[in-house]
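*Asks:* using only what follows, build the 3D model:
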Amino acid sequence: MQVQASQSFLERFFKLREKETTVKTEVIAGFTTFIALAYIMFVNPNILADAGVPKEAAIASTIWIAALSTMMMGVFANYPVALAPGMGLNAFFAYYVCGVLGLHWTVALGAVFFSGLLFLILTISHVRQAIINAVPQNLRVAIGVGIGLFIAFVGLKGTGIIVSDPATFITLGHVTKPETAMSLFGLVLTGVLMARDVQGSILIGIIATTILSMVLGYSPVPQSFSDVVSTSLPHMGETFGKLDIMGAWNYGILSIIFTFTVVELFDNMGTLIGLTAKAKLVKKDGEIENLDRALNTDAVGTIFSAIFGTSTVTSYIESAAGIAAGGKTGLTAVTVAVLFLISLLFAPLIGLVPGFATAPPLILVGALMMSEVDKVNFADFTDGLPAFLTIIMMPLTSSIANGFAFGFISYALIKTLSGKPREVCPIMWLVSFAFMVNLFMRS
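*Replies:* Sure thing, here's the model as predicted:
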């Protein structure tokens, strides 16, 4: 009777019958999404550790924010969509804000906090739609492709496949170096699994590379039960509430906050549009069910990610795996959240995963993001050149913000000087001018 009552409650709360799904289907879909997404627990802490964030606390904050924001997405928006710290935004956080600019990670968290507040204001006021509509499709696509190249570049450096060179800036590394060779093993293995549509390919690749590293003696082997399962939940004491809001404000990092916000805006919107269409949450008139709730959830999640001590959270395209398995409601997301919470028990094991095992997924995610490049209209040079500059400047300057700047500014100028000023709306001119001022200030 209790099981039937609970199922009845779940059916009513998540509208399972209305969506023509069942508890069993939703739970299986949740397991599927979690397997596809679990790699973030290994990758994100390693990226944050490169920024100086204590790794154990980074593991805890990554898992906690993923669990809580995904739970909120399921309960509040009734979406079968999982959230976690975003790839690309975590690299921007670690390698540009903390690396190139040299800001302390607590100040960077302050910038994430402000971007979350700004995104929430844009969402509530519906300004976000005006911003999205103002940016031409070619630049939207180019932004995603450029971020993909940036992520891949970070991954290639992490594997040791490419290294710095005083004459040519970068060159091929020593592929026979044990760590690099094991990274290549993980890259090829994961690539083959993905080509064969194996669920959880990235997670399998990370685990296989880690085991190989342990067997060969390049990573520590668990010696006791406590090295695998935690007897007490990992805590975020070293990161929780450590964001330096005043430091971020006093530094005057408007361009950084703007970049966090814009990337999150387009990335999240694009992901949600794709996932909701796949889950059949789009009405006949084109309206997406509960979209405002989903965007508000994402904005609140970003604010709390800064408080917990990790980079910006966003909706994950890997949720498509669970949707393909039949997930249609928030019960899928709730299942993912519960599995994230259970994984907290295995935090010690997660901490043993080496950086060269989590670098190949960055390359593969970059490859996946490159798939959209054919949607750029290179035939029209006034569209093609700004898109190209957006894409190429992100990896070559190690800055997503610079890619935005060169893309937006060149678009406004080239369109206007080529006799097509009407294709540049006032918002685009305003954003381009802001980027131009920022570039001159940094020069």
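*Asks:* can you map out the helices along the stretch 101-250 of the chain?
*Replies:* Using DSSP state H, counting those that start in this stretch, the helices of the stretch 101-250 of the chain run over 105-125, 127-134, 137-159, 178-195, 201-215, 245-251.
*Asks:* so, low pLDDT: which residues of the stretch 1-150 of the chain?
*Replies:* Applying pLDDT under 70 to the stretch 1-150 of the chain flags residues 1-7, 128-129, 131-133.
*Asks:* all strands of it, in order?
*Replies:* Applying DSSP state E, counting those that start in this stretch to the stretch 1-150 of the chain gives strands spanning 83-85.
*Asks:* burial measure for Phe225, as a count.
*Replies:* By other CB atoms under 10 Å, the residues close to Phe225 number 9. All C-beta atoms are positioned from the backbone trio N, CA, C, and that covers glycine.
*Asks:* point out where the stretch 151-300 of the chain drops to low pLDDT.
*Replies:* 231, 252-255, 263, 266-267, 269-270, 273-274, 278, 284-287.
*Asks:* center of the chain - which residue?
*Replies:* Taking CA atoms, centre = their mean as the criterion, Gly86 is the residue nearest the geometric centre of the chain, at 1.7 Å.
*Asks:* hang on, the earlier thing: in a markdown table: the helices of the stretch 101-250 of the chain, plus distance to Leu16 and mean neighbour count.
*Replies:* Below are those laid out as a markdown table (distance: least, CB to CB, whole Å; neighbours: other CB atoms under 10 Å):
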| stretch | distance to Leu16 | mean neighbour count |
| --- | --- | --- |
| helix 105-125 | 28 | 22 |
| helix 127-134 | 30 | 15 |
| helix 137-159 | 33 | 24 |
| helix 178-195 | 31 | 18 |
| helix 201-215 | 28 | 20 |
| helix 245-251 | 42 | 15 |
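*Asks:* returning to what we had before: my guess is the residue nearest to the centre of the chain meets Ser311, correct?
*Replies:* Yes: in this structure Gly86 lies within contact range of Ser311 using CB atoms under 8 Å: 7.1 Å.
*Asks:* residue contacts, Ser343?
*Replies:* By CB atoms under 8 Å, 6 or more residues apart in numbering, the contact set of Ser343 is 38, 41, 63, 350.
*Asks:* repeat for Ala359
*Replies:* 154-159, 183.
*Asks:* which of the contacts of Ser343 are buried?
*Replies:* 38, 41, 63, 350 (16 or more other CB atoms under 10 Å).
*Asks:* distance of the first one relative to Leu189?
*Replies:* Taken as CB to CB, to the nearest Å, the spacing of Ala38 relative to Leu189 amounts to 17 Å.
*Asks:* dump the buried ones among the contacts of Ser343 to TSV, plus distance to Met428.
*Replies:* Output for the buried ones among the contacts of Ser343, formatted as TSV (distance: CB to CB, whole Å):
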residue	distance to Met428
Ala38	39
Met41	39
Ile63	39
Ile350	43
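*Asks:* nearest to Gly99 among the residues you listed?
*Replies:* Met41 (22.6 Å; CB to CB).
*Asks:* would you confirm that the closest one contacts Ile350?
*Replies:* Yes: taking contacts as CB under 8 Å, Met41 lies within contact range of Ile350: 5.6 Å.
*Asks:* shared neighbours of these two, anything?
*Replies:* The contact sets of Met41 and Ile350 overlap at 59, 343 (CB under 8 Å, 6+ apart).
*Asks:* contacts only, for Ala367.
*Replies:* Counting by CB under 8 Å, 6+ apart, Ala367 has contacts 148, 152.
*Asks:* give me the phi and psi angles of it.
*Replies:* phi -60, psi -40 (degrees, to the nearest 10).
*Asks:* check the one 10 residues further on too.
*Replies:* Torsion angles at Asn377 (phi, psi; degrees, to the nearest 10) stand at phi -90, psi 80.
*Asks:* find the residue closest to it in space, skipping its chain neighbours.
*Replies:* Nearest residue to Asn377 in three dimensions, chain neighbours excluded: Asp383, at 4.4 Å (CB to CB, 6 or more residues apart in numbering).
*Asks:* state the next helix or strand along the chain beyond the helix or strand hosting the one you found.
*Replies:* Secondary structure from DSSP states H and E places Asp383 in helix 381-396. Next helix or strand after helix 381-396 toward the C-terminus (DSSP H and E): helix 400-417.
*Asks:* what angle separates that following helix from helix 137-159?
*Replies:* 150 degrees (axes from the mean of the first three to the mean of the last three CA atoms, to 10 degrees).
*Asks:* next SSE after helix 400-417?
*Replies:* As assigned by DSSP H and E, the chain's next helix or strand after helix 400-417 is helix 426-442.
*Asks:* contacts for that following helix next, please.
*Replies:* So helix 426-442 is contacted by 130-131, 134-136, 254-255, 258, 401, 404-405, 408-409, 411-413 (CB under 8 Å, 6+ apart).
*Asks:* the same query, at a cut-off of 10 Å, please.
*Replies:* Helix 426-442 is contacted from outside by 101, 127, 130-131, 133-136, 139, 252, 254-256, 258-259, 262, 401-402, 404-413, 415-416, 421, 424-425, using CB atoms under 10 Å, 6 or more residues apart in numbering.
*Asks:* just how off-centre is it within its chain?
*Replies:* Averaging C-alpha positions (CA atoms, centre = their mean, to the nearest Å) puts helix 426-442 25 Å from its chain's average.
*Asks:* can you check stretch 212-220 too?
*Replies:* Distance, centroid of stretch 212-220 to centroid of chain: 29 Å (CA atoms, centre = their mean).
*Asks:* what do you get for stretch 394-411?
*Replies:* 19 Å.
*Asks:* name the residues of it that are buried.
*Replies:* Neighbour count says stretch 394-411 has 394-395, 397-411 buried, by 16+ other CB under 10 Å.
*Asks:* next one: stretch 340-360
*Replies:* In terms of neighbour count (16+ other CB under 10 Å), stretch 340-360 has its buried residues at 340-341, 343-344, 346-360.
*Asks:* circling back to that earlier point, so for Gly86 and Ser311, which residues contact both of them?
*Replies:* 44, 92-93, 260, 302, 305.
*Asks:* just those residues now: which is nearest Leu172?
*Replies:* Phe92 (25.7 Å).
*Asks:* now do that closest one against Ile245, distance only.
*Replies:* For Phe92 relative to Ile245 (CB to CB), the value is 19 Å.
*Asks:* please apply the same query to Leu364.
*Replies:* Leu364 is 36 Å from Ile245, by CB to CB.
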